[in-house]
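Engineer: quick one: sequence plus predicted model below, questions after.
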Amino acid sequence: MSTYVLVHGAWHTGKELEPVAKSIEAAGHKPLTPTVKGNRPQDPRNVGLAEAIQSIVDYLVLNDLMDIILVGHSYGGMIITGVADRVPDRIRRLVYWNAFVPNDGESLNDMLPSQYVELFEAIAIERGDDSVVLPFAIWREAFINDADLDTAERAFGVLNPHPIKTLRDKISLKANPAEMAVAKSYVNCTEDISLPHHYPWHPRLSQKLGLFRLIQIPGSHELCFSNPTRLARAIMDAGRD
Amino acid sequence: MSTYVLVHGAWHTGKELEPVAKSIEAAGHKPLTPTVKGNRPQDPRNVGLAEAIQSIVDYLVLNDLMDIILVGHSYGGMIITGVADRVPDRIRRLVYWNAFVPNDGESLNDMLPSQYVELFEAIAIERGDDSVVLPFAIWREAFINDADLDTAERAFGVLNPHPIKTLRDKISLKANPAEMAVAKSYVNCTEDISLPHHYPWHPRLSQKLGLFRLIQIPGSHELCFSNPTRLARAIMDAGRD
Amino acid sequence: MSTYVLVHGAWHTGKELEPVAKSIEAAGHKPLTPTVKGNRPQDPRNVGLAEAIQSIVDYLVLNDLMDIILVGHSYGGMIITGVADRVPDRIRRLVYWNAFVPNDGESLNDMLPSQYVELFEAIAIERGDDSVVLPFAIWREAFINDADLDTAERAFGVLNPHPIKTLRDKISLKANPAEMAVAKSYVNCTEDISLPHHYPWHPRLSQKLGLFRLIQIPGSHELCFSNPTRLARAIMDAGRD
C-alpha cells in the first residue's frame, strides 16, 4: 500500500484527477488529489510559483504525509520538483507525467516554445486579471486529441483560468533534479502534441532527471479525461519500487 | 453520419481501400473510394499532378459532395492538398494518413530522399512507359513489414504502375496547408519505414499542417492490407469533430 | 517450420531465453538457445570477441544447422554479425533485437555513450577479474523498467559477470551489415532506455543494416523476463519470410 499524491497541471484542479485516483485506490493504494494554490475557486490569480509550491509542502506537513509517491502533471512538474527540494524526506519517488522538469533558475516559460509564451502573455493582457486561458481549438486538437468531442467539451468546461505569474517565475532549487537522491520516473503519453514535435516532453525534458524509469502509454496530454484507468495503471507502474 | 472520401496512394486504386471503407460504413458513415486519374486501368500513364488533382475535384462536384472528410494516403496527400486548394467549401476536415504534405511549389519528389528519386527515375527509364513500379524486396521489408508473406504477395499483385509525372510535378497552391482554414489531422503508423528513419513522415511532414490533431497506431505504410479495421478506427478518430 | 537460434546479450546465458524459446516452439518452430563462450559458468572471463563469435560458428557447424533465423539481443548483435560474416550460407535471416550493429573495425564500446564505457571500465578494474557487472539501480530503472520489483530482482540474480574484453575488441568483417546479402530485421522495444534517449538503438543502430524490416513492440530492454510471449511473437514477425 503506497500513498500517491497527484498534483494537477495548469488550468486544472485536483478534482479532475479523481477518476485516476479511484483506479489507484481500487488497486489498494491511498491516492490524494490536492489543488495547488492559485487554481482553487477562492484563490486570487496573482499567485506566484513559490507560493504555489509552498501550498503543497504545507499540505504534506499538515497531513503528516511520509514516504509518498509524488506525481506531477505538466505544470505540476514545477510543483513536485520544488516540493522535493523543500521536503525530500517525505518523498519515496517522484513521477513526472508529461511534466516540466526545471533546473535551478528556470521558469516554465523557459521550457515553452516562444509562440506559446507570446500567445499566453497576449491572452493574459487581454483578460487583465493575472490569468490565462486556453483557446478551445488548441485544446481540442493538441491537448485532448484522443477524446471525442463531447469529452473534449465537457473537460474544457471545468478548466479554470491559470495564474500566469506561476509560468513566469523562475524556480529556486538547492540542486537540479538529476542530482536529487530520490528515485524518479517519467510517464510519457505518446500522442501528446501539446508541445510541438521538435520540442517534445520526452526526451527533451525527461533526460533532465538523470537516471529515471520510463513508462510510455498511448494517449494525449489529457489522458486523465480520455482514459483515467489506463493512466492510473501507468502511474502505478512508474510509482512502484 | 459523415461522408469520408478516401484517396489512395501511388500504385493503388480505390479498390484497395474498400475493406477500410467497409469498417467506416459499419460505424454508420458514408465512405467513398474514388480512383485518381492516372491509376485507373484505362488511363494513360502520362498523367500529371494537376490532372490527377482535377479528377478528384470533378468527382466531388459531379457527385455534389459537401461537408466531407477528405482522407489522403501517401501520394494521396498531394491530391487532397490540391483539392482543398480548389474547392475548400466542400471540405469539413483533411486527414493525412502517412501522407505527403506539400507547400506551394513543391513536388512529391522534393519530399523524398534522393536515393528513392534516383531509383524511381531509373525504373521509369527502363520501363519507358511513363510509369514506375516498386521492387518487391522494398515493398516486403519497408512498406508492408507488419504483414505475413501471403498478404504481402497478394497485395503486391494488385498494385498498378504509377504515372511518374505526378511525382515530378510541382503543386500550385494559393496558400500553404498551415494557412488553410480547414481542420486537419495526421494519422501516423508507428512502424511505417517506407521513408527512412532520419527522414520520417511525422513530424517532418505533419508539422507543415500548422495546428493539427495527431492520431498514432501501430502498423506499416500499408495498414490498409494488414489491418483495415484498425486503420478505419484511426481514420474515424482523426476525422470526427 | 523454421530454426531460430537465439543469441543472448551481455550478462545473460541461453537459459534466460528459454521462456521465449518455449513460445516459439509452441508456434511450430525449432528454437535453440546456445550460450556464447565467456558467459558459461565454466568459462574464463578473459575471452575476447573473436573467440565469442567463433563459439557460435562452431555451434552451428557442430549441429549442422542450415537455413536458420539467427537472432541477437544487445551484445548478441556483435555475435550474429560476426557469425553472418563467417558462415553466411547457413543463415536465412538476421534478426537484431535492441542489438548492436557493428561495421568492420567497430567495437561495442564504440557504440556506447562514454559514461557507460567509463563506468564499465571502472567496475572491471575494481573487480580485477576481466569482467564487468551492472549496478542494480541502473538495471532496475533503465534495463527492466517494465517489470515489477520481484521480477527485476529475480532476473538480476541470474546475471553473470560479463567478459569486458568482448566490449573492447573491434570486430573484423569482410563487409559491413548493409552490404550483406542476407535478409535483416530489427525488433525495437519502444521503452528500452538502456541507451540514452539521444543515443538510441533505433534508428541510430538499425539504419546501419541498409534495407531491413522494422518490428516494434512495447517493452524494456529485458522483455525476455517481463513478457517473453510478446517478445517471441515479435521475433517470429521479424523472422518470417
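Structural biologist: Perfect, I can see it now. Numbering: from 1, shown residues only, chains lettered A, B, ... in the order given.

Engineer: my guess is residue A:80 meets residue A:100, correct?
Structural biologist: No - contact between residue A:80 and residue A:100 fails when scored by Cβ atoms under 8 Å: they sit 9.9 Å apart. Every C-beta, even on glycine, is put in place using the N, C-alpha and C of the backbone.

Engineer: pairing partners for the residue nearest in space to the middle of chain A in the sheet, please.
Structural biologist: Nearest residue to the geometric centre of chain A (Cα atoms, centre = their mean): residue A:73, 2.2 Å. Counting by DSSP bridges, residue A:73 forms beta bridges with residue A:97.

Engineer: show me the contacts for it.
Structural biologist: Listed by Cβ atoms under 8 Å, 6 or more residues apart in numbering or on different chains, the contact set of residue A:73 reads A:6-9, A:12, A:17, A:97-99, A:224.

Engineer: helix or strand: which one has residue A:53?
Structural biologist: Element membership for residue A:53, per DSSP states H and E: helix A:49-62.

Engineer: what residues does that helix touch?
Structural biologist: By Cβ under 8 Å, 6+ apart, the residues outside helix A:49-62 that reach it are A:5, A:7, A:34, A:36-38, A:65, A:68, A:78-80, A:82-83, A:86-87, A:90, A:107-108, A:163, A:165-166, A:169-172.

Engineer: excluding residues flanking it in the chain, which one is nearest residue A:188?
Structural biologist: residue A:202 (4.1 Å; Cβ to Cβ, 6 or more residues apart in numbering or on different chains).

Engineer: ah, wrong one, I meant residue A:137
Structural biologist: residue B:211 is the one closest to residue A:137 (Cβ to Cβ, 6+ apart), at 6.7 Å.

Engineer: packing partners of the helix or strand where residue A:117 lies?
Structural biologist: Taking DSSP H and E as the definition, residue A:117 sits inside helix A:114-127. In terms of contacts (3 or more Cβ pairs under 8 Å, 6 or more residues apart in numbering or on different chains; DSSP states H and E), helix A:114-127 is packed against strand A:131-132.

Engineer: so for the strand it packs on, mean pLDDT?
Structural biologist: Mean per-residue pLDDT for strand A:131-132: 98.

Engineer: what of stretch A:163-182?
Structural biologist: For stretch A:163-182, mean pLDDT rounds to 98.

Engineer: centre of the chain to that stretch, how far?
Structural biologist: 13 Å (Cα atoms, centre = their mean, to the nearest Å).

Engineer: list the contacts of the residue of chain A found nearest chain B.
Structural biologist: Residue nearest to chain B within chain A (Cβ to the nearest Cβ): residue A:197, separated by 3.1 Å. Listed by Cβ under 8 Å, 6+ apart, the contact set of residue A:197 reads B:202-203, B:206-207.

Engineer: surely it is in a strand?
Structural biologist: No - counting by DSSP: H, G, I helix; E, B strand; the rest coil, residue A:197 falls outside a strand, being coil.

Engineer: quick check: it vs chain C, distance?
Structural biologist: Going from residue A:197 to chain C by Cβ to the nearest Cβ, to the nearest Å gives 15 Å.

Engineer: tell me which stretches of chain A form helices.
Structural biologist: Secondary structure of chain A (DSSP state H): helices at A:18-26, A:49-62, A:76-86, A:114-127, A:136-138, A:149-158, A:165-168, A:223-226, A:228-239.

Engineer: can you put those in JSON lines and add mean neighbour count?
Structural biologist: Shown next, in JSON lines, are the helices of chain A (neighbours: other Cβ atoms under 10 Å in any protein chain shown):
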{"stretch": "helix A:18-26", "mean neighbour count": "18"}
{"stretch": "helix A:49-62", "mean neighbour count": "18"}
{"stretch": "helix A:76-86", "mean neighbour count": "25"}
{"stretch": "helix A:114-127", "mean neighbour count": "14"}
{"stretch": "helix A:136-138", "mean neighbour count": "12"}
{"stretch": "helix A:149-158", "mean neighbour count": "14"}
{"stretch": "helix A:165-168", "mean neighbour count": "22"}
{"stretch": "helix A:223-226", "mean neighbour count": "24"}
{"stretch": "helix A:228-239", "mean neighbour count": "21"}
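
Engineer: got the ones you listed as CSV, with distance to residue B:143 columns?
Structural biologist: Putting the helices of chain A into CSV (distance: least, Cβ to Cβ, whole Å) gives the following:
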stretch, distance to residue B:143
helix A:18-26, 40
helix A:49-62, 50
helix A:76-86, 40
helix A:114-127, 36
helix A:136-138, 35
helix A:149-158, 34
helix A:165-168, 45
helix A:223-226, 31
helix A:228-239, 31
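
Engineer: minimum distance to residue C:155: which of the ones you listed has it?
Structural biologist: With distances scored as Cβ to Cβ, the stretch of these nearest to residue C:155 is helix A:228-239 (16.5 Å).

Engineer: that closest one close to chain C?
Structural biologist: Yes - using Cβ under 8 Å from any Cβ of the partner chain, helix A:228-239 reaches chain C at residue A:237.

Engineer: average pLDDT across that helix?
Structural biologist: The pLDDT scores in helix A:228-239 average 98.
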